[in-house]
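J.: for reference, the sequence and a predicted model appear below.
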Amino acid sequence: MRVAVALLCLAVYAATPLDLRTQLAVAAATFAIAFLVGRRKTELQRLGLVAFSVAATTRYLWWRFSTTIADQWSVDALLAAILLAAELYSCAMLVLAYVQSIAPLSRKPAPLPADVSAWPSVDVFIPTYDEPLDVVRVTVLAARAIDWPLDKLRVHLLDDGGRESFRAFAAEAGVGYLVRRDNRHAKAGNLNHALARTDGEFVAVFDCDHVPARSFLQVTMGWLVRDPRLALVQTPHHFYSPDPYSRNLRTSPSVPAESELFYGVIQPGLDMWNASFFCGSCAVLRRSALAEVGGIATDTVTEDAHTALRLHRRGWRTAYLRIPQAAGLETETLAAHVGQRIRWARGMAQIFRRDNPLLGRGLTLAQRLCYSGAILHFFSGIPRLIFLVAPVAYLVFGRHVFNALPLTALAYGLPHLVHSTACNVRLHGRFRHSFWSEVYEASLAWYTAIPTTIALLAPGRGRFNVTAKGGRIAASRFDARIAAPAIVLALVNLAAIASGAWRLRLGAADADSLAINVAWALHNLVVLFAAIAVACERPQLRAVHRTPVRLAAMLRLADGKTIRGYTVDLGREGASVALAVKAQVVRRERVWLSIFAFGEERALPAIIVARADKSLRVHFGDLALDEEAHLVRAIFSRADAWLGWDAQHHPDRPMRTLATIARVGFSGTCRALSLLLRPETRRLRLATQLRSEA
């Protein structure tokens, strides 16, 4: 009854005709009320802001359909219809995002039985294909150190590459090694092959660069033991290296990373509706549930989300714990990031075509909406491209994509934009600042638009690709190839602004329409310049990242003297150490660094690479397996290693955020130009071209 009344009120508000003056007054009144409501941080306030946003969006769409659609065919009418279709998509995604995140579930770990003998057996799977052994070693050693009864924990290295070095390492580390004859169905096939050859009650899956904390199973398994119909517990994919946006634009740690919205807001929101899904790593699954749905799904290249969808169709429940219990490597370059997102977009389109959540049995309405929101998100490429070129229609060709007066368009459009922005600040601001989604979409739009379209028409096309991790970037460079779509779109918008100014001078443009379209094009340029700037790859000389870790340490010199101190950061190849007193050492001197972790001390051989007053940096020498395992535990195995990862984010202030995007975009674009104009850059491009021609 309450829902029916709410929908009736929404319909009355949306469809009530008002003159322009009254519409402006109503818009101003809703702004004032929303401002007052937004000052209180309560659940009722959250619902109120969502209600204002949905009402403003509904009224805007009603006005668009009832007033701005031309009644006769023309070029203007065609362009207006294309823009309206893009707006409908965006508004639908806005509402679906509200459904996903309006009531996030803050789930806490459930306690395990006091009797350890009652704890279930777990197989840990680490699938690999062509990743370097240096990356895989760390994950295997950390998995081996997971705090679980030894007779009920089995770690398996799944090597789809059939490499002898991996087999030898698995034997040395004392973990299982599974290999198969072919690579059919890629990662999904690799996991299914392992499922058929193991028998643990539960399966924990980690990508080969996702290093688990020692407490991973004790944090996640309580819910699975408590609820026999719970098929999955997923934890966040936390990354201890920056993504290309954070590193190349230098926005970390004040601006949330690109992946944080999903793991910080969307997954807890999905958990509220029993719709959180498998993300391919950092998760535990019940073997019997997987057996019921035929194992890991192999019909699409996003086997993780598709497997969760099948589990939900069969009545299984899933859970999400927003407690980072593993950490991995982000993609090093924008090109690698784009390649990864292309695979995700293609896979989600395949699911939409082959196993559409809106159709078929077994899902609740909320689950259908949640899955639809997750899938349709990857169809943003074409709508984003439309928004990025829409001002050209009027500024260059004088075409009206709105069949309405400019002031009327503002009176109806601004409430939709302002309320949705304010609502997203409240719902998502801690994990995604305003306008950054536009930057991410602008850099990906061209690359995801084509694969999603092809996957809808021919879902069998495309293949699984492994995302490269753990590489180096030797010097600054601008990836003009990956930035080419953004460059073209930026030039188009710049040309459109110049054309608009010329048409105004000739008296061939309406000043109000021109102002709105120029503002739109300028906003596009802010977004596109940031997308271009991300392609300016900054140097990354270390293939092995350091993480801030403060642990008690002891420096032992060659003459036997020792100095107390603590670690500042740690990596697999070296460390920075603060000492109690100044050390009388020289560069390249051989020392031993004792690190205290989990009640154990281990002296690691090292070489001094730099020194200051009471601090120094060391490079670890060749470590024995037990020494390497101790170092891995010190860096990654602590239960609280990744807690508070969002503590340094600045609060979201939309106008300040837009100014930040404009600043980093402009400076980054200037940097891109300087890199392109460097003589050595031109010589490198010429040499590359000659090699390709040869």
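T.: Noted; the coordinates are in hand. Everything numeric here is computed off the predicted structure, so don't read it as measured data.
J.: from now on I want contacts and neighbour counts done on CA atoms only, so please keep to that.
T.: Will do.
J.: please name the nearest non-neighbouring residue to residue 270.
T.: In space, and not counting its chain neighbours, residue 270 is closest to residue 276: 4.7 Å by C-alpha to C-alpha, 6 or more residues apart in numbering.
J.: and the one you found, what pLDDT?
T.: According to the prediction, residue 276 has pLDDT 96.
J.: quick one: it and residue 316 touch, right?
T.: No: using C-alpha atoms under 8 Å, residue 276 makes no contact with residue 316, being 11.5 Å away.
J.: who's more crowded, these two?
T.: residue 276 (28 against 18; other C-alpha atoms under 10 Å).
J.: for my notes, confirm that one occurs in a strand.
T.: No: using DSSP: H, G, I helix; E, B strand; the rest coil, the assignment for residue 276 is coil, not a strand.
J.: distance-wise, check it relative to residue 449.
T.: Residue 276 sits 26 Å away from residue 449, taking C-alpha to C-alpha, to the nearest Å as the criterion.
J.: how about residue 387?
T.: Residue 387 is 14 Å from residue 449, by C-alpha to C-alpha.
J.: now swap in residue 555 and tell me
T.: Taking C-alpha to C-alpha, one finds residue 555 at 55 Å from residue 449.
J.: export the top strand by length along the chain to PDB, keeping only CA atoms.
T.: Using DSSP state E, we find that the single longest strand of the chain is strand 600-611. Listed next in PDB are the C-alpha coordinates belonging to strand 600-611 (Å, rounded to 0.1, in the frame of the first residue of the first chain):
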ATOM      1  CA  GLU A 600      59.400 -15.000  15.400                       C
ATOM      2  CA  GLU A 601      62.700 -13.400  14.500                       C
ATOM      3  CA  ARG A 602      64.500 -14.100  11.300                       C
ATOM      4  CA  ALA A 603      67.800 -12.500  10.100                       C
ATOM      5  CA  LEU A 604      67.700 -11.700   6.400                       C
ATOM      6  CA  PRO A 605      70.900 -11.100   4.400                       C
ATOM      7  CA  ALA A 606      70.900  -7.600   2.900                       C
ATOM      8  CA  ILE A 607      73.100  -5.000   1.200                       C
ATOM      9  CA  ILE A 608      73.000  -1.300   2.000                       C
ATOM     10  CA  VAL A 609      71.900   0.700  -1.000                       C
ATOM     11  CA  ALA A 610      71.400   4.100   0.600                       C
ATOM     12  CA  ARG A 611      71.800   5.700   4.000                       C
END
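J.: which other residues reach the next helix or strand after it?
T.: Next along the chain after strand 600-611, taking DSSP states H and E as the criterion, comes strand 615-620. Residues from elsewhere that reach strand 615-620 (C-alpha atoms under 8 Å, 6 or more residues apart in numbering): 572-579, 582, 604-611.
J.: stretch 16-30 now?
T.: 52, 408, 411-412, 415.
J.: check what pLDDT the most centrally placed residue in the chain gets.
T.: Geometric centre of the chain, nearest residue: residue 259, 2.1 Å, by C-alpha atoms, centre = their mean. pLDDT, residue 259: 92.
J.: and if you look at residue 639?
T.: pLDDT for residue 639: 87.
J.: how about the contacts made by it?
T.: 213-216, 325.
J.: reformat the residues you listed as a markdown table; add secondary structure.
T.: Output for these, formatted as a markdown table (three-state DSSP):
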| residue | secondary structure |
| --- | --- |
| 213 | coil |
| 214 | coil |
| 215 | coil |
| 216 | helix |
| 325 | coil |
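J.: so which residues of the stretch 251-400 of the chain form strands?
T.: When assigned using DSSP state E, counting those that start in this stretch, the strands of the stretch 251-400 of the chain occupy the ranges 283-286, 317-320, 326-328.
J.: what is the first one packed up against?
T.: Judged by 3 or more C-alpha pairs under 8 Å, 6 or more residues apart in numbering; DSSP states H and E, the packing partners of strand 283-286 are strand 202-205, helix 216-226, strand 230-234.
J.: point out the other helices and strands that the shortest one packs with.
T.: Under the contact definition 3+ C-alpha pairs under 8 Å, 6+ apart, strand 202-205 sits against strand 122-128, strand 283-286.
J.: give me the low-pLDDT residue ranges for the stretch 501-650 of the chain?
T.: Applying pLDDT under 70 to the stretch 501-650 of the chain flags residues 541-543.
J.: let's see that with 80 instead.
T.: Residue ranges of the stretch 501-650 of the chain with pLDDT under 80: 507-509, 539-545, 644-647.
J.: any idea how far residue 239 lies from residue 263?
T.: In terms of C-alpha to C-alpha, residue 239 sits 11 Å off from residue 263.
J.: should've said residue 373
T.: Residue 373 is 15 Å from residue 263, where distance means C-alpha to C-alpha.
J.: one more: residue 378?
T.: Taking C-alpha to C-alpha, one finds residue 378 at 16 Å from residue 263.
J.: pull the contacting residues for residue 654.
T.: With contact taken as C-alpha under 8 Å, 6+ apart, residue 654 is in contact with 421, 425, 433-435.
J.: just the buried residues of these.
T.: Neighbour-count burial (16 or more other C-alpha atoms under 10 Å) applied to these gives 421, 425, 433-434.
J.: okay if I get the residues you listed as a markdown table plus secondary structure?
T.: Below are those laid out as a markdown table (three-state DSSP):
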| residue | secondary structure |
| --- | --- |
| 421 | helix |
| 425 | helix |
| 433 | coil |
| 434 | coil |
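J.: tell me the two of those that are most distant?
T.: Across the buried ones among the contacts of residue 654, the longest distance by C-alpha to C-alpha is 10.0 Å; it joins 421 and 433.
J.: what is the burial count for residue 599?
T.: If we define neighbours as other C-alpha under 10 Å, then residue 599 has 5 of them.
J.: and residue 140, by the same measure?
T.: The tally of other residues near residue 140 (other C-alpha under 10 Å) stands at 29.
J.: next one: residue 523
T.: 15.
J.: would you mind measuring from it to residue 443?
T.: 15 Å.
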